[in-house]
Each structure stands twice: as structure tokens, then as C-alpha cells.
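S.K.: sequence first, then the predicted structure:
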Amino acid sequence: MLSAVLLKPESHDRVQDILAPEHFYADANRWIYEAVTELRLGGFPADIVLVANWLRDRNRLAQVGGTPYLAQIADATPEVANVEEHARIVAEKWRLRQMIAVAQTAVAAGYAPVEHPQALLEKVEQQIADVTHQGQRMREEAARTIASRIITRIARARERGQAITGIPTGFPALDRLTGGLFESDLVIVAGRPGLGKTSYAQSLACNVARRKQKANGTIELGHAVLFCTLEQPREQLVQRIASHEAQFDARVWRRPRVTEEDWRNISGSFAFLEHLPLYIDDTPALTLGDLRAKVRRLKRQVDRGIADQNALIPSKPLKLVIVDYLQLMKGVRERGGNREQEVAGLSQGLKNLAKQEQVCVVALSQLNRELEKNKDKHPQLKDLRESGAIEQDADSVCFLYRESYYDRETNEKLRAELDVAKQRNGPNGIVELIFRQEYTRYYSAAGEVGDEFDDWFDDYNDR
């Protein structure tokens, strides 16, 4: 590989995105490649004479074996056509050495007194993740190749009879505004405590995970969804989802006496959950390292057809990850840092996770109390709690608002709004929703094409 870049300078252009000087094991080879790289960046040819001068100026020529070693490399008569493959071999061997170093460090740390084993596990896991992604350098891609991929995605949407190219949210008006959910996106859904953020998140999760019957009678599988609930135990969330899917009053779960009708509702609700590829994690103080590991593990399991406790739940790949909620995650606070910087690290980490794992991350967020002092209670971007970085990192920011939350006497008790206040790749706008608090469920507003809520809303108005 070194012989190729010395004798054919254009070879360096083919390998510089694959190989860095630190990938070489021997110091001599590392310094020679560094010399070639520096010379090429400076616009100079990287021949033996200039490389020797570069090394001599830095007192390294003798350490690499002098000009005889450079001449030996030049005489290696390389197969220039294979230079990229040779560079990949060098880079992969470096990754293996990095992996060995991480493993050795982990073994040594494991035998030493450990006050917090979980912290050690997360540190090792993060180091492994770093090695993994260091070897996955992005390469340039022709615009026409990317365009071809986009056209294919649009064509498939048309074949399915859909007007959107992302994953449908189950809310038609929202899909028309945003195009659905997209891989690599970070979506923030914010609202005041008790306004229904978790209910919206579980409605979204069920809509994405639920099976759908096509016009020809065939069943289309839903996508696998990971729901990380940091605020409530997984059992409580499943109870809410059962009420949500079977549409019975969620207060049944807290009644001192369960009637025969209640029991039928509870029993029937689990039939809805039987085929729902929704996976719930209630780890408290979840870290980015924890979340990254959970996403990767579940993606592998779903791809292999193995899911919760080795029970097969047929589904499409994992494409949606929900975090309830962002401010309850545990970030890394540097010495002298503050909470705002910690939350900024979390939001940036969630965006990186979405890009690296090709999933859409929907993170719920709290709003500042200062909002309550405003005459107009509709949230704005400045009301996001604890960090302006959330607004910067997110591809979309949505605010939930219900008039009945602030005014119990209002006639609009069922109406809710989802305000798409920021959308990186589309227009902003307000989507009207219906919130049934007893079911902890959000629906599209009446009048939507194909809206499941229309019949109920018509009956309600008649009454």
C-alpha cells in the first residue's frame, strides 16, 4: 500500500478516506504515510525525495530506516489496482487491535475494585461502539444515485396507494404535512405535565406497530417499535396501551371491584396486544449508551425473527424508537458543566443515534413553567426546557396543546392540537386531533379520509 502511494501519487486520493496514519502498526510506516498525506494536502507530489526531506526535517528519517527503507518500499512493485483493498486490510487490522485493547482494559478494570459495575459496563459498551463506527467512514455518493433511491421510494409509496414516502403515523393530516416518519430523524414532542404526551406517544407507537388490512384483504405487518418509558413502570404502560387498543375506560385498572364487563374488556384487550410488535423498556435514568445498546440488540433480534423472550412477533424492521422523556435521561456532565450542557449532549446523542442506526427517534420533552405566565398558552420554541440545543438538533419540533387543559369550562373538551413548529424538510402547521382521556388515546380529527374516529364523533354529536 505504501509503495503504491509513493510511486503513484493519485493512489493516495483513492485511499485517504479509508486509511489514516494511526491505522499503521509500525511507527516507521505510520510516519511515511503521514508524510505522504501532509505533502499531498500541501499540493506537493509525494515522491521518495520529498518524503525523505519531510522526515528529515522532523528528525524521523533515521528512525524509519533512512533512505534505504524508502527505496525498499518503492521497489515493492505494487498492484496499484488493488490499493483500496490493501488499505481496507490495514484499517481492519487496526480495528481488531483497538478491539483487543478495549477488551484488555475491560478485563483489568473488572479485576480491580469496582464501585459502580453498571458504569463500567456502559463505558466499555461505548468504547466498543466507538470502534465500530470508526470503521464506517461515509463515502461520497453521486447525486443521481441518491435520486434513484428517492424515486424508488416514491414509486413504492404509489404502489401501496399512499401519498407519503415515510412511515405512516396513523394521523392522515400529520402525514400530509410531514410525509410521515423518516429514518435518521429526531422528532421532539413537547408539552406541559399531564397534557397527554405519553398518550400521544403510545398512540403513535401503536399506529406504527399495528397490523393493517389492505384493500385486497391481505394483512400488512407493522413496524417493530421500541418504547423507553423512564417515567412509569412497564406494567402501567401496558395497561394504558390495552385500554388504548381495546377502547375501554383506563380507570378499570384501579377500581376496587372488577365487574364482569370490566373483565371481558381486560381479557379482550390482550388479544390486541398479542400481535403488536411493541417492545417496552422501563430502565430508570437511561443513558445514551444504554439506549444505543438496546436499539442495536432489538434490531438484530427483529431481523432474525427473534424478539421478546425468543417469542416470534412477525413485523417489519425496527424503525421507531420513543423516549419518554428526554429530561429524565442521564447524560454526561463534565466538571464545571451545567444541566443545559448535559441536556444538549443528550439531544445531540439522540440525533447521532437516529443517523447511525437508521431509525426515527421520537423524544418527549417538558416545557418551561414560564409558559404558564403567558396569556396565550400556546407553546413556542423558546419554551423548550433546559436547552436551546434541543431545537437545533431536532429535525422536527411538535407541541401538544389542549384548551381543556387550561379551561375546564370550554366546549372544546375533546379537541387537541399538534403544532409542528419546526420541520427541517417541510412546512410548519397545526394538525387537529381528538383526545379521549378515558382511553388515553389520540385520534385524527373528524372528517379525515379513512379516519377511524368519524363514526364515534358523529354519534357523539347526535347525542
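M.R.: It's in.
S.K.: now do the helices in the stretch 51-200 of the chain.
M.R.: 66-74, 83-111, 117-134, 143-159, 172-178, 197-209 (DSSP state H, counting those that start in this stretch).
S.K.: and the fifth one, what's buried?
M.R.: It stands for helix 172-178. P172, A173, L174, D175, L177, T178 (16 or more other Cβ atoms under 10 Å). Bear in mind the C-beta positions are built from the backbone N, C-alpha and C, glycine included.
S.K.: again with the longest one
M.R.: Neighbour-count burial for helix 83-111, counted by 16+ other Cβ under 10 Å, picks out V83, E84, H86, A87, V90, A91, W94, Q98, V102, A106.
S.K.: need the helices of the stretch 51-200 of the chain in CSV with distance to Y401, can you?
M.R.: Output for the helices of the stretch 51-200 of the chain, formatted as CSV (distance: least, Cβ to Cβ, whole Å):
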stretch, distance to Y401
helix 66-74, 68
helix 83-111, 47
helix 117-134, 37
helix 143-159, 30
helix 172-178, 14
helix 197-209, 11
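S.K.: any chance of these in TSV, plus mean pLDDT and distance to R297?
M.R.: Putting the helices of the stretch 51-200 of the chain into TSV (pLDDT from 0 to 100; distance: least, Cβ to Cβ, whole Å) gives the following:
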stretch	mean pLDDT	distance to R297
helix 66-74	85	44
helix 83-111	89	18
helix 117-134	75	11
helix 143-159	65	27
helix 172-178	87	29
helix 197-209	88	18
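S.K.: of those helices, which approaches G426 most closely?
M.R.: Among these, helix 172-178 comes nearest to G426, with 5.8 Å by Cβ to Cβ.
S.K.: helices of the stretch 351-463 of the chain, start to end?
M.R.: 389-393, 403-406, 454-462.
S.K.: which of the ones you listed has the lowest mean pLDDT?
M.R.: Mean pLDDT is lowest for helix 454-462 among those, at a mean of 43.
S.K.: want to throw the buried residues of helix 172-178 into TSV with distance to V15?
M.R.: Formatted as TSV, the buried residues of helix 172-178 follow (distance: Cβ to Cβ, whole Å):
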residue	distance to V15
P172	50
A173	50
L174	46
D175	44
L177	45
T178	41
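S.K.: dump the residue contacts of A87.
M.R.: Contact analysis of A87 by Cβ atoms under 8 Å, 6 or more residues apart in numbering lists M1, R14, V15, I18, L19.
S.K.: buried residues of stretch 281-294, list them for me.
M.R.: D281, D282, L286, T287, L288, G289, D290, L291, R292, A293, K294.
S.K.: now do the closest residue to the second one other than its chain neighbours against L346, distance only.
M.R.: In space, not counting the residues next to it along the chain, D282 is nearest to R234; the distance is 4.3 Å by Cβ to Cβ, 6 or more residues apart in numbering. Distance of R234 to L346, given as Cβ to Cβ, to the nearest Å: 22 Å.
S.K.: same deal with V64?
M.R.: Relative to L346, and taking Cβ to Cβ, V64 is found at 45 Å.
S.K.: swap in E122?
M.R.: 14 Å.
S.K.: what's the answer for Y443, then?
M.R.: Distance from Y443 to L346, by Cβ to Cβ: 31 Å.
S.K.: which of these two has more neighbours?
M.R.: L346 (27 against 22; other Cβ atoms under 10 Å).
S.K.: quick one: contacts for the closest residue to the more buried one other than its chain neighbours?
M.R.: For L346, ignoring the flanking residues on the chain, the nearest one in space by Cβ to Cβ, 6+ apart is G331 at 4.5 Å. Counting by Cβ under 8 Å, 6+ apart, G331 makes contact with T287, L288, E342, V343, G345, L346, G349.
S.K.: got it, and L278?
M.R.: Counted by Cβ under 8 Å, 6+ apart, L278 has contacts A205, C206, A209, A224, V225, F227, I241.
S.K.: what do you get for D303?
M.R.: D303 neighbours (Cβ under 8 Å, 6+ apart): P317.
S.K.: would you tell me what the next helix or strand after the host helix or strand of it is?
M.R.: Here D303, judged by DSSP states H and E, is contained in helix 288-304. Per DSSP H and E, the first helix or strand lying C-terminal to helix 288-304 is strand 316-324.
S.K.: which residue ranges of the stretch 351-463 of the chain form strands?
M.R.: 360-365, 396-401, 415-423, 429-436, 441-444 (DSSP state E, counting those that start in this stretch).
S.K.: can I get the ones you listed in a markdown table with distance to Y69 and mean pLDDT?
M.R.: Shown next, in a markdown table, are the strands of the stretch 351-463 of the chain (distance: least, Cβ to Cβ, whole Å; pLDDT from 0 to 100):
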| stretch | distance to Y69 | mean pLDDT |
| --- | --- | --- |
| strand 360-365 | 51 | 91 |
| strand 396-401 | 56 | 88 |
| strand 415-423 | 57 | 87 |
| strand 429-436 | 66 | 86 |
| strand 441-444 | 70 | 81 |
